[in-house]
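Q: Following is a predicted model, sequence given first.
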Amino acid sequence: MNIHVLKFGGTSMNDHQTWKQVLDIISKYEYPVVVVSATARTTRQLIEAGQLAADGNLEKALVIGESIKLRHLGILHTFLKKNPHPKRPLIEESCEQKLDQKIGLLFKLLTYTHKAGELTPPMKDAIASIGEQISSYLLAQCGLAVDQLTQFIDAKKIIKTDAEYGHANPNRALINQKAGSLETILDSGFTPIIGGFYGEAPDGTTATLGFEGSDYSASLIGGALHAQAIEIWTDVSGIYTSDPRFIDDAKPIQELSYFDATEMAYFGAKVLHPSTLKPAQERNIPVFVKNMFKPDNSGTRIIRESDHSREVLAMSFKEDMVLLTVSAYETVMGYSFLTKVFSALEKLRLPVDAVNTTEASVTIALSNSEKLDTLSKELIEVGTVTFEQQKGLISLIGCTISEMDQLTNKVLDSMGSEEVNMITFTKEKRILSFVVNQNKLVETAQRIHTGLF
Ligand code: ASP
Ligand code: MG
């Protein structure tokens with residue numbers, strides 16, 4: 001069976017027109033399995049409502065719930081009007097019932113949260129997943145209105161997870177087993193439509209896979225089904241050399257290895273959920289990132305080995321960084337000094353972006369945070385602490401070590417060397433990072449990008 005798992009994100013699920021486009025794309029495949037996100041903005045609004053309820057503002061939370069309902073009704077009714085079908089009354093009725101049921105559930109969960117005075121992780125997941133529960137059901141029904149044999153499948157039947165609410169870990173063995181039912185559906189000529197992002201914890205409650213988790217759902221299902229390909233359909237033409245919102249000449253990368261694409265998911269381009277590529281890589285399934293609005297663009301293809309003849313693949317940058325330097329009071333054994341510094345960071349859950357160290361001092365690039373005062377108190381026993389604020393981090397991803405000197409020179413040539421505070425390189429990860437002054441960050445990034453790509 002030539003199965004393609006197709007995932008459509010929030011912007012693809014934005015309105016009746018994009019729903020039709022999604023259905024058109026699906027219709028071109030022989031055996032598609034479809035994973036969808038919530039409609040644009042919905043997940044964010046649901047979480048906001050949950051938080052408002054917990055903070056004592058139930059009324060406002062319910063208003064958000066109501067607006068989510070109205071928005072979906074609007075999309076549904078327009079879709080059915082533009083795509084007339086004899087079964088319309090039936091389809092409409094079943095969708096309205098489902099919507100009532102899900103929004104009713106939302107109201108119940110919000111009221112409970114309000115009473116409890118806190119948004120617990122399981123409750124937050126139950127609330128956040130409602131967007132996908134609704135979008136997958138409605139889209140499957142709308143498929144019937146354009147004579148496509150689409151069938152809603154509740155993700156809880158397939159995506160089995162542990163109980164780490166908010167970033168649940170999939171139970172791969174169980175998912176592999178449950179996904180078999182999708183083949184039966186495909187066999188009978190139907191296209192399963194499944195909500196991404198959520199699944200079921202061992203006790204039957206809802207658990208989510210984390211922010212942007214629908215990509216991960218798609219690849220878990222693709223892996224389980226030994227799919228021919230996993231296609232992530234989004235609103236840009238693939239993974240870019242840099243963020244096209246800021247960098248004029250950023251362009252899609254045609255081909256990437258799983259390794260480099262995973263690095264990029266963590267580092268720069270937030271196009272993919274960072275765990276997405278693992279299930280695909282294990283079974284050597286190619287992953288495509290494609291533009292829903294320009295389906296003929298080739299997008300980015302992610303495979304095991306990519307011809308890596310370029311000196312660098314992509315550039316990411318990040319602002320509002322702080323450089324923390326800790327110098328030991330006396331020359332101590334390097335590891336105990338470093339252990340103390342990193343324990344303090346761990347205690348405050350401050351993630352590190354780049355590090356340079358000598359035996360008795362360490363310089364660390366961190367995202368700016370309100371916890372820096374506390375951090376400096378934690379470190380007072382360890383050494384002298386200084387912070388340099390207003391820094392930016394530019395990272396070049398997928399650098400080949402053989403060309404490192406050339407590459408570094410090119411980068412340094414494109415900015416004043418006085419702009420640079422720190423340079424780090426790791427051969428294993430192939431990431432070359434520069435900490436620079438923030439005031440010229442985007443300008444510098446633009447210049448480096450133009451010089452390199
Ligand atoms: N709707 C979820 C989110 O916004 C999951 C996804 O779209 O991938 O994070
Ligand atoms: Mg996404």
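A: Arrived safely, thanks for sending. Ligands and ions are numbered 1, 2, ... in the order given.

Q: those helices in the stretch 251-400 of the chain, which residues are they?
A: For the stretch 251-400 of the chain, helices defined by DSSP state H, counting those that start in this stretch occupy the ranges 258-267, 277-282, 334-347, 372-378.

Q: can you tell which of those helices is closest to ligand 1?
A: helix 258-267 (12.6 Å; CB to the nearest ligand atom). The way it works is simple: take the backbone N, C-alpha and C, and place the C-beta from them, glycine included.

Q: contact partners of that closest one?
A: 239, 256, 271-274, 276-278, 280-281, 287, 300, 302-304, 306, 308, 313-314, 316, 395, 397-398, 429-431 (CB atoms under 8 Å, 6 or more residues apart in numbering).

Q: Mind listing what's buried along whichever helix or strand Phe107 is part of?
A: Element membership for Phe107 (DSSP states H and E) is helix 88-116. Within helix 88-116, the residues scored as buried using 16 or more other CB atoms under 10 Å are 91-92, 94-96, 98-99, 102-103, 106-107, 109-110, 113-114.

Q: Keep only those of the contacts of helix 258-267 that are in strands.
A: Members of the contacts of helix 258-267 lying in strands (criterion: DSSP state E): Leu256, Val287, Thr300, Ile302, Ile303, Ala314, Ser316, Ser395, Ile397, Ile431.

Q: In CSV, list those along with neighbour count and pLDDT.
A: Formatted as CSV, the ones in strands among the contacts of helix 258-267 follow (neighbours: other CB atoms under 10 Å; pLDDT from 0 to 100):
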residue, neighbour count, pLDDT
Leu256, 26, 91
Val287, 28, 97
Thr300, 25, 95
Ile302, 30, 95
Ile303, 17, 95
Ala314, 27, 91
Ser316, 23, 88
Ser395, 23, 90
Ile397, 25, 88
Ile431, 22, 87
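
Q: Now do the same contact list for the residue lying closest to Glu164 once chain neighbours are set aside.
A: Leaving aside its chain neighbours, Glu164 sits nearest to Ala207 (7.2 Å; criterion: CB to CB, 6 or more residues apart in numbering). Counting by CB under 8 Å, 6+ apart, Ala207 touches Pro122, Asp125, Thr161, Asp162, Ala163, Glu164, Tyr165, Ala168, Tyr198, Gly199, Glu200, Ala201.

Q: Between all of the ones in strands among the contacts of helix 258-267, which two are separated the most?
A: Based on CB to CB, the longest span within those runs between Ile303 and Ser395 and measures 23.2 Å.

Q: Show me what from the stretch 201-350 of the chain comes close to ligand 2.
A: Glu212 (CB under 5 Å from the ion).

Q: Could you tell me which residues of the stretch 201-350 of the chain lie near ligand 1?
A: Phe211, Glu212, Gly213, Ser214, Asp215 (CB under 6 Å from any ligand atom).

Q: that older thread, which residues does the residue nearest to Glu164 bridge with?
A: Gly199 (DSSP bridges).

Q: That one and Ser214, how far apart?
A: As judged by CB to CB, to the nearest Å, Ala207 and Ser214 stand 14 Å apart.

Q: One more: Thr205?
A: 19 Å.

Q: Just want to know which of the two has more residues nearby.
A: Ser214 (30 against 14; other CB atoms under 10 Å).

Q: quick one: least confident helix or strand in the chain?
A: helix 258-267 (a mean of 80; mean pLDDT, DSSP states H and E).

Q: If you count neighbours, what's buried in that helix?
A: Tyr258, Phe259, Asp260, Ala261, Thr262, Glu263, Met264, Ala265, Phe267.

Q: residue with max distance from the center of this structure?
A: Glu330 (43.9 Å; CA atoms, centre = their mean).

Q: Name the nearest residue to that one, sequence neighbours excluded.
A: Ala360 (7.9 Å).

Q: sorry, back to before: out of the buried residues of helix 258-267, which is nearest to Ser12?
A: Ala265 (19.0 Å).

Q: quick one: that closest one from Leu272, how far?
A: Relative to Leu272, and taking CB to CB, Ala265 is found at 4 Å.

Q: Before we move on, what's the pLDDT of Glu305?
A: On pLDDT, Glu305 comes in at 84.

Q: Check Lys28 too.
A: For Lys28, the predicted pLDDT is 96.

Q: so Phe288 sits right up against Ala229, yeah?
A: Yes - Phe288 is within contact range of Ala229, at 6.1 Å (criterion: CB atoms under 8 Å).

Q: For Thr205, grab phi and psi.
A: Dihedral pair for Thr205: phi -80, psi 170, per degrees, to the nearest 10.

Q: pretty sure it contacts Lys124?
A: No - counting by CB under 8 Å, Thr205 stays clear of Lys124, with 11.5 Å between them.

Q: Now for Pro122: which residues touch it?
A: By CB under 8 Å, 6+ apart, the contact set of Pro122 is Ala163, Tyr165, Ala201, Thr205, Thr206, Ala207.

Q: Just give me the closest of the residues you listed to Lys371.
A: Checking these one by one against Lys371 (CB to CB), the nearest turns out to be Tyr165, at 23.8 Å.

Q: tell me the contacts of the closest one?
A: Applying CB under 8 Å, 6+ apart, the residues near Tyr165 are Pro121, Pro122, Lys124, Asp125, Ala201, Ala207, Thr208.

Q: which among those residues end up buried?
A: For the contacts of Tyr165, buried by 16+ other CB under 10 Å: Pro122, Lys124, Asp125, Ala201, Ala207, Thr208.

Q: Contact partners for the closest residue to ligand 1 within the stretch 101-250 of the chain?
A: For the stretch 101-250 of the chain, the residue closest to ligand 1 is Ser214, as judged by CB to the nearest ligand atom, at 3.2 Å. Contacts for Ser214 (CB under 8 Å, 6+ apart) come out as Lys7, Gly9, Val35, Val36, Ser37, Glu132, Gly195, Gly196, Phe197, His273.

Q: And for His85?
A: Ile91, Leu144, Ala145, Val146, Asp147.
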